[in-house]
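> Pasting a predicted model and its sequence here:
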Amino acid sequence: MTVLHTPRLRLEPFADAHLAGLHAMNREPEVVRYITGKPETPDDTRAAIARTQARWATWGYGWWALIEQNSGALAGAACLQHMGGERSNPHELGWRLHPAHWGKGYAIEAARRIAAYAFDDQRAPLLMAVRHPDNVASGRVMDKLGMTQRPALERWYDMDCAVHEITVDTWAAAITTPKK
């Protein structure tokens, strides 16, 4: 399983050792507000870890725990997975952070690293991200990644979602274009 690094984060594939930190995050109503709307129980979190470990075994990627390099605290989680859980669907980027770590730029930092991994190592031609239409903060992360929002809402994960996407060519052009 692949561990990734950013200047401030270590991205570790979900493991049993992350149970307490993941549960502390996913039981927060404001974290799950736009996802399921229902805080997780410890059993829900254990099941999520088991599901993602199975996906790592099958696909070679999945969900990572976002660990602060300085403190060792679990700040959040982020993923590369297949939309809807099926291999035939496009690659999806996703993230969530514990409220204590909101506003630090960790979501974009992790998303950029995972996008680079998806395009460079996994040879993904396209990345997508979905969000509840009211989740403006995730929309800002998608914009910063250079993703484009599709014009109409689409049905994913049993809800109507705003869908954003970026191709490998758009990503490569953004990486090689000098910043003004």
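Arrived safely, thanks for sending.

> What is the neighbour count of Ala20?
If you count neighbours by other C-beta atoms under 10 Å, Ala20 ends up with 11. All C-beta atoms are positioned from the backbone trio N, CA, C, and that covers glycine.

> In which helix or strand does it reside?
Per DSSP states H and E: Ala20 is located in helix 19-26.

> what's the answer for Leu80, then?
Leu80 belongs to strand 74-82, assigned by DSSP H and E.

> Partner strands of that strand, with direction?
strand 63-68 (antiparallel), strand 91-97 (antiparallel) (DSSP bridges).

> tell me the angle the shortest one makes with helix 19-26.
Between the axes of strand 63-68 and helix 19-26, defined by axes from the mean of the first three to the mean of the last three C-alpha atoms, to 10 degrees, the angle is 90 degrees.

> For this structure, which segments count as strands?
With strands called from DSSP state E, the chain shows them at 4-5, 9-13, 63-68, 74-82, 91-97, 126-131, 148-149, 154-156, 159-167.

> remind me which residues of the protein are low pLDDT?
85-88, 176-180 (pLDDT under 70).

> cutoff 50 now
Counting by pLDDT under 50, not a single residue of the chain qualifies.

> coming back round to it: okay, buried residues for the helix holding Ala20 please.
For helix 19-26, a neighbour-count test (16 or more other C-beta atoms under 10 Å) marks Leu19, Gly21, Leu22, His23, Ala24, Met25, Asn26 as buried.

> What's the local residue count around Ala110?
Using other C-beta under 10 Å, Ala110 is surrounded by 26 other residues.

> State the distance from it to Val141.
Distance of Ala110 to Val141, computed by C-beta to C-beta, to the nearest Å: 9 Å.

> Can you pull the residues that touch both of the two?
Contact criterion C-beta atoms under 8 Å, 6 or more residues apart in numbering; residues shared by Ala110 and Val141: Trp95.

> Nearest residue to Ala118 in space, please, no chain neighbours.
Distance criterion C-beta to C-beta, 6 or more residues apart in numbering; nearest residue to Ala118, sequence neighbours excluded, is Ala124 at 4.3 Å.

> isn't the one you found right next to Tyr117, touching?
No. Using C-beta atoms under 8 Å as the test, Ala124 is too far from Tyr117 to be in contact (9.1 Å).

> Between these two, point out the one with more neighbours.
The residue with more neighbours, out of Ala124 and Tyr117, is Ala124; 22 against 17, by other C-beta under 10 Å.
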